[in-house]
Structure formats: C-alpha cells, structure tokens
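Peer 1: How does the following fold in three dimensions:
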Amino acid sequence: MVKSLFSLLSLAALSSVFSAPLSAADDDTYRHLLLAGGGLEACSSFASDNCDDVDWIDKDTMRTDRYLNLSKKFRSKATAESVWPTYREETRKKVADALELIHERLKEDVVPERVFLREFTRRATQQLYNALSDAEWNRIIDLIELPVPDSAREVVNLDENLKGESKAIFQRFVEMAQSVAGDEQKPTIYFLTSASRNPYDAIDFYSSVLEQLGAEARWLPLDSALVKAQREGRCDELAKVQQEQLGVYERDRVHRDYYQEQVAFCKDSDGAAEMIANADGLFFNGGDQNLTRSTFVKANNEPGDVLKTIIAAVQQKEVVVGGTSAGTSVMTSKPMISNGTTAQAIKEGAIASDPPPFGCDLDTTCPPNVGPDSLTYHPLGGLSLFHYATLDTHFSERGRHGRLMRLAASSSTPLSIGVDENTAMEVNLESGAFDIIGERGVFFVEDAQGTDSAVAGTFHYLVAGASGVISPYGLQTAEFAEGDDVVQTEPTTNFLTDRGLIDSMRILCGERKQFSLLNKDFRLIAQRGESSRVQSSGGECQIINGSIGIAWQPQEQL
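Peer 2: As a prediction, the model looks like this:
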C-alpha cells in the first residue's frame, strides 16, 4: 500500500509541474485541458430529437435505431439460466414470460429498441421493468440485439443541431488541437470510449462530430477490458473479458468490425504509444469515470505507462486533452467523485469505495455499507492531469452542490469545481488561467467544512463568458461575463436534484443578501457579504465570495 500510495503521489507531483511560474516566452492563451460538464448533445441520425430538421436522415444508409430480435431463439438466450444468478430465478422466469407476451402482442421478430421499451413499460409489465437493475436490463438488450450493419453508421449533422453551444464546445477543442498541429495540417484527434460499458456505441458519433469540425478523427481502442485481456494474454477472448469486466455481452457479434479492430490493437503492445505520439488531441467520453481510471491506473494504484506518456505529452504541449462528464471528472489528482446524491451525501457522508452498480438495491449487488445513492470516491484521484481541484459534472442540473461540498469537507480538499451541462472550462495548467464557454456556468467551493449532518463553505459561480485564474487553494482572480443568453428552463426551488440553488441565487443580484430554501428534510442557506461581488449575466447571478450551507434537519418524531 505504501508503494502504491507513493506512485500516485509521484504521479500527482509530475502533474504539478504545470504550476511553475511562466517564462516570458510562454503563451498564456494556450489551453492544455477542456473540461466539459456533459450534456453535449448533437443532431444525428441516431438522435433525431436533437435536430432542427430531419429530412436529411436516410434510413436506408444511416443507423437510426438499435434493433432487437424477439424470436424464440433470442428470447431463450436472454433468459437462459447460465446468464442469470440463481437468487434472481423468479425474476428470470418473469422476464421470459414478459418477452413472450411482448412478442405475441407485436407479432414481429425484429423491432426497434424504442418500440420494445414502450411495450415493456406498459401496465402488464411495468412493475417488472421497475424491479430490474440496470445490469439486468442491459443484459437483456445485449443478448437480443441484432448486429449493426457495416454500411449503416450513425451520422451527425451539426448544421441542424438544436444546441449551438454543444457544437461550439467541440469546435473549441478542435481549435485547441489545431494550436498543437500548426496551421499547415488538420489536427489529429484520438477519442477514447473507455468510460462506456459498450466501447463501440459512441465511435461513429465522435468520428462524425470531429470530422465535421475539421479534424482527423480516430478511435483509440483502449479500455479496462482490453487492458485486462493484454495483461492476461487473452486478446482472442476479448468478448469474454468484456463480459467479466464491463458486464457487456456479445459485442463481437453485434459490432463485428470494431471488435476485430480492438482485438488487433490488443495484440499490438506498442499501439497506444504510437497513437499518442501522432495525436494533437485526446478526448475522453462520458459514462463511468471508474472504468477510465482502471484503464490507466493499475489495481495497486500505480500509474500505467500510457498515462505517464500522456501526462508528459500534455506538459510538453505536444497534445491537448478534453473530456465530457466522466471524461472530465476523471482528470483530477484530488479525490475523484464516482457516485452519489446530495441528500445521501449530507446524511451519510463520503465513502472511499468503488461506486455501486446502478440499481444495485434491486438485485442485491451493492458493495458492503454502500447504497445506490451513496457518495463514493477514490481518495487518490483519477488521471492526475488536473491538479487544482476535485471535479464534478452535470452539476446544477442535478443539484450536486451538496455532494461536492461534502466530499471537499470530508477529504479536506481546498478547492472543488462543478461544471454545468452544455458548458466547459478550458484551462492553462501552468498559470491556472481559465475561460468558461457554452450555455451555463461553473461552481467553485473553497474551504468546505462539515458536521455529521451539514456542510458549509465559500462559493463562487461564474457563467459562460467569464474568465479568471485558479490555484490549488482557490479562485485567485475573475472577470464576470456580460452575456444576455437566458437559460430556457422553468425555475425551481429543488436544490437536491435540480437547479434550485442557481435559480434562487438570482435574487442575490438584487437587494436581497440572503435566501433560505427547504426541500424535504434539508435546508439550504446562501448569502453574500461585505467581500462579495455580484453581477447578472443572461438572467443568472454571478457571485464571488458567497457563503453557502446545507443541513439535514429531519423533523422530530412525535
């Protein structure tokens, strides 16, 4: 344990060289990292709800849905005793009956996934659907999924994107990579799908997005299952390793070409190093940050050789790195958050544990002393590319302020940062200079303190268009944004799972200096003081040096 702790601390120390003073020759406009908060939606043939117009979608040549086979052969495979644990035998039988019922109702063998979901959530099978864990539902879908045709790929059309900010964030990352490549050639961006349980689903999406924006886009087929297969000499059994490591089934059957590409990569011990050497940018996808961490950090917490190579390349300005959602959270060298809700975090505290599987309470797969909503974290951080703060994402939209503050207080982390959806923070790792781009904002909390049932700290909130400088101890300087784009969502006071804090904070830019919110058994108080600065931008209130506290105050039992 001492050796592994030293290895992670050494990795963090390597990352911390970025904080050295700038020389006169250094360019403070350079940005090493782009940290997106998730929600980067794009119009595509597979996600037409994100499109302004859909006439361009050709169902004959583009992938528009996931198709499932409800024939007896596939139903039997999805409900075989060999793929269900014995303690879920009754559930397995109910699933078999439900699949047969749906097949009889539809009278078709092959159906789109959306149709299958609609039928499964009807009254007759709704209760069963609600009783299935995510792992069980995913297993069913995996085993009845039809192979994706080689000629039918997901195609993105950014010109029809409903959210211009998502396109702008991706465009900005391409520009960052261009600064590495130089003006004479296209930037080469390798994207990773290491945070996904199914490593192949998002390949077409990222390829199409980045290519439309002028980059040479390539997949870096590195993930935790592949690392395990390489380590155990089981590259030809990759599909079996994927089942063990990721809980995903028969990807060799469903995504044949991509699977074979990954098997070939698995057998090439120098493949990752060569790709990184050729890259101008690396982009990490969303999903599960623990999966990405285990791809690059060994089980004994020693950094892998590929991670060392990436950190050195970033330090030498040979590659820029971006991420969204889990791809952002995993960047930190501070405690890495991996699960949890604000309510459970305030009540229960932070637990240094692997994250629980989604719906683990439904199929009894929760780790000891951990529930589905528990705040879990890795005390030794993630990839250690970002040494300033713990990072969280999907932030205001899911009311994650309390969980971030609880982790900061429990781990004595001086600065923690939460990035809203469809928003990104780009950072210079040498100077700490940052810019906020996109639709919404970024939340900073400093010097968080906690009791058994409450947390409090100093906070700042800046929106897109703002900029400043951070250190590992807090926000050093900041320039407010002066935008006029208003967030188009209904205001709420729900601060446990929604934007209640941010929506209510708007009154602090008026005459009010304090407000209090109640949500179930929780109370939130936020205020501005003599040292606070505030400024409105696009209907939101930006604030520097505010104070915030959240407490669990259950009513006394009478």
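
Peer 1: Which segments of the chain make up each domain?
Peer 2: The chain is divided into the following domains under automatic domain parsing: 1-17+327-558, 67-144.

Peer 1: For these, give me TSV that also has mean neighbour count.
Peer 2: Yep, even glycine has a C-beta here, placed from its N, CA and C like the rest. Shown next, in TSV, are the domains of the chain (neighbours: other Cβ atoms under 10 Å):
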stretch	mean neighbour count
domain 1-17+327-558	20
domain 67-144	16
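
Peer 1: Arrange these in CSV, one row each, with distance to Asp60 and mean pLDDT as further columns.
Peer 2: Conversion of the domains of the chain to CSV gives the following (distance: least, Cβ to Cβ, whole Å; pLDDT from 0 to 100):
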stretch, distance to Asp60, mean pLDDT
domain 1-17+327-558, 32, 92
domain 67-144, 14, 97
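
Peer 1: Nearest to Ser196, out of those?
Peer 2: domain 1-17+327-558 (10.4 Å; Cβ to Cβ).

Peer 1: Tell me the gap between that closest one and the middle of its chain.
Peer 2: Taking Cα atoms, centre = their mean, to the nearest Å, one finds domain 1-17+327-558 lying 14 Å from the centre of the chain it belongs to.

Peer 1: Endpoints of stretch 48-64, how far apart?
Peer 2: One end of stretch 48-64 sits 8 Å from the other (Cα to Cα, to the nearest Å).

Peer 1: what does it contact?
Peer 2: Contact with stretch 48-64 is made by 41-46, 148-149, 151-155, 157, 160-163, 204, as judged by Cβ atoms under 8 Å, 6 or more residues apart in numbering.

Peer 1: Only the buried subset of the residues you listed, as a PyMOL command please.
Peer 2: Provided next is the PyMOL selection string for whichever of the contacts of stretch 48-64 are buried by 16 or more other Cβ atoms under 10 Å:
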select buried, resi 41+42+43+44+45+46+148+152+153+154+155+157+160+161+163+204
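
Peer 1: give the contact list for Tyr461.
Peer 2: For Tyr461, the contact set (Cβ under 8 Å, 6+ apart) comprises 441-444, 502, 505, 540-543, 546.

Peer 1: quick one: secondary structure of it?
Peer 2: strand (DSSP: H, G, I helix; E, B strand; the rest coil).

Peer 1: That one bridge partners, please.
Peer 2: Per DSSP bridges, the residues bridged to Tyr461 are Phe443, Ile543.

Peer 1: All the strands of the stretch 151-300 of the chain, in order from the start?
Peer 2: Using DSSP state E, counting those that start in this stretch, the strands of the stretch 151-300 of the chain run over 188-192, 216-219, 281-284.

Peer 1: Now do the same for the first one: mean pLDDT, whole number.
Peer 2: This points to strand 188-192. Across strand 188-192, pLDDT averages out at 98.

Peer 1: Which neighbouring elements make contact with that strand?
Peer 2: Strand 188-192 sits against helix 164-181, helix 203-212, strand 216-219, helix 271-278, strand 281-284, with contacts defined as 3 or more Cβ pairs under 8 Å, 6 or more residues apart in numbering; DSSP states H and E.

Peer 1: other SSEs contacting the last one?
Peer 2: Strand 281-284 makes packing contacts with helix 164-181, strand 188-192, strand 320-324, helix 326-329 when contacts are defined by 3+ Cβ pairs under 8 Å, 6+ apart.

Peer 1: where do the helices sit along the stretch 351-500 of the chain?
Peer 2: Applying DSSP state H, counting those that start in this stretch to the stretch 351-500 of the chain gives helices spanning 401-411, 500-504.

Peer 1: what residues does the first one touch?
Peer 2: Pointing back at helix 401-411 there. Under the criterion Cβ under 8 Å, 6+ apart, residues 334-335, 337, 340-346, 349-350, 375, 377, 379, 390, 392, 395, 413-416, 418, 443, 445, 448-450, 455-457, 459, 495-496, 501, 522, 524, 548, 550 lie in contact with helix 401-411.

Peer 1: what are the ranges of the strands in the stretch 1-150 of the chain?
Peer 2: 33-36, 67-69, 110-112.

Peer 1: Distance to Ile102 added to the ones you listed, as JSON lines?
Peer 2: Shown next, in JSON lines, are those (distance: least, Cβ to Cβ, whole Å):
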{"stretch": "strand 33-36", "distance to Ile102": "38"}
{"stretch": "strand 67-69", "distance to Ile102": "10"}
{"stretch": "strand 110-112", "distance to Ile102": "9"}
